[in-house]
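K.L.:
model the following, please.
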Amino acid sequence: MLRFVAGSLAALVLTVATPAWSLDQPAVNLGFTSFLDGGPPAGPGFYFTEYLQYYRADRLTDNRGGKLLPAPSDPEIEAWVSLSQFIYQSNTPVLLGGKWGLDVIVPLVSVDTDSPYLSDNGTGLGDILVGPFLQWDPIMGANGPRFMHRIELQMIFPTGRYDEDKNLNPGSNHFSFNPYWAATLFVTPRLTASWRLHYLWNDENDDTKVKPGQAVHANFATEYAVIPNILRLGVNGYYLRQVSDSEIDGRKVSSSDGPIFGRERVLAIGPGAIWHLSRDSHLFFNAYFETEARLRPEGERYLLRFVHHF
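P.N.:
Numbering: from 1, shown residues only. Coordinates of the predicted model:
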């Protein structure tokens, strides 16, 4: 059985499941976060973020990066994803100076394909993400912040629309634990580098008896303030790699079982920008172009993100 996700936090879009295919990872944050990821833009308080992502792929890959589906099939897969994120950042330190907070993300996913080999489950609620976190205050230098970071214990709950007879589903039908460390380094007051490093553990899908292997994935970005306090331009990317074999009915499967089995991976990179509308409102745009995919689709994604601090 193969399940593929077209769209990261995060991480986080849709799942493909076919009885004849190998395993794939649930929806996670691939490219949903990028610049200045190590801390909230306006300090403690309540934040609302709305994400709108479009993903398109016309190629599914096997465990060597070749075509997964029979020739001459080149399926077009499209996904529209809307994520509504609610964050509360307290001003109360609870552990080693870290201030507690809570992150909740509610996805709405629409998937479509024109392939005769695939079927989609349409539009529906995706898997809800909940994560308590600790945010540390920025380490300050003579000319402003030098470093800021956060740790979140993110959980993905199987609330999404799911049908085991469909290939493309908004939900994964299993629980996942997806903690991360996010940080931003201010190389200069105008130049920054950010990263978010995730570990992913998956529970078993009760309907299919499939347990995806563990994985690591990361978002990374660097940007420069072209117009200070107004416009930043940069480069962003993501990487995912499965690090342990998946299981079907308790039996591990690997690339030695055939070209449709093995460990998933993908790399993507592209341009991005932030427009600071005000101290409390920010607009992000990110584009990603995938390569080196194994056992998942290879395509492109575009993301628009609006962040507001109340």
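K.L.:
following the worst-scoring helix or strand of the chain on mean pLDDT, which helix or strand comes up?
P.N.:
Every helix and strand of the chain was ranked by mean pLDDT, DSSP states H and E. The lowest is strand 15-16, at a mean of 39. Counting by DSSP states H and E, the next helix or strand C-terminal to strand 15-16 is strand 45-60.
K.L.:
packing partners of that following strand?
P.N.:
Counting contacts by 3 or more CB pairs under 8 Å, 6 or more residues apart in numbering; DSSP states H and E, strand 45-60 packs against strand 77-95, strand 297-309. No exception for glycine: its C-beta is placed from N, CA and C like everyone else's.
K.L.:
what strands line up against that strand, and which way round?
P.N.:
Strands adjacent to strand 45-60 in the sheet, as given by DSSP bridges, are strand 77-95 (antiparallel), strand 297-309 (antiparallel).
K.L.:
now residue 274. Nearest residue, chain neighbours left out?
P.N.:
residue 232 (4.4 Å; CB to CB, 6 or more residues apart in numbering).
K.L.:
look up the pLDDT of that neighbour for me, please.
P.N.:
Turning to residue 232, the model gives it a pLDDT of 98.
K.L.:
now do the one 5 residues further on
P.N.:
Residue 237 carries a pLDDT score of 98 in this model.
K.L.:
picking that back up, and the residue nearest to residue 274, how far is that from residue 271?
P.N.:
Residue 232 sits 12 Å away from residue 271, going by CB to CB, to the nearest Å.
K.L.:
who has more neighbours, these two?
P.N.:
Between residue 232 and residue 271, residue 232 has the larger neighbour count (other CB atoms under 10 Å), namely 23 against 14.
K.L.:
surely the more buried one touches residue 226?
P.N.:
Yes. Assessed by CB atoms under 8 Å, residue 232 is found in contact with residue 226 at 6.6 Å.
K.L.:
ok, and what's touching stretch 303-310?
P.N.:
Stretch 303-310 is contacted by residues 31-32, 40-43, 45-53, 279-288 when judged by CB atoms under 8 Å, 6 or more residues apart in numbering.
K.L.:
what's the answer for stretch 216-235, then?
P.N.:
Here stretch 216-235 makes contact (CB under 8 Å, 6+ apart) with 8, 10-11, 28-37, 189-200, 236-241, 243, 269-276.
K.L.:
quick one: the strands in the stretch 51-200 of the chain?
P.N.:
77-95, 98-113, 123-125, 129-135, 139-141, 144-152, 155-156, 168-169, 176-177, 180-186, 191-202 (DSSP state E, counting those that start in this stretch).
K.L.:
quick one: strands adjacent to the fourth one?
P.N.:
If I follow you right, that is strand 129-135. Strand 129-135 has these strand partners (DSSP bridges): strand 98-113 (antiparallel), strand 144-152 (antiparallel), strand 155-156 (antiparallel).
K.L.:
ditto for the fifth one
P.N.:
Taking DSSP bridges as the criterion, strand 139-141 forms sheet pairs with strand 144-152 (antiparallel).
K.L.:
between the partner strand and strand 180-186, how big is the angle?
P.N.:
180 degrees (axes from the mean of the first three to the mean of the last three CA atoms, to 10 degrees).
K.L.:
strand 144-152 versus strand 191-202: what angle between them?
P.N.:
Using the same axes, to 10 degrees: strand 144-152 against strand 191-202 is 10 degrees.
K.L.:
now strand 144-152: mean pLDDT?
P.N.:
The model assigns strand 144-152 a mean pLDDT of 96.
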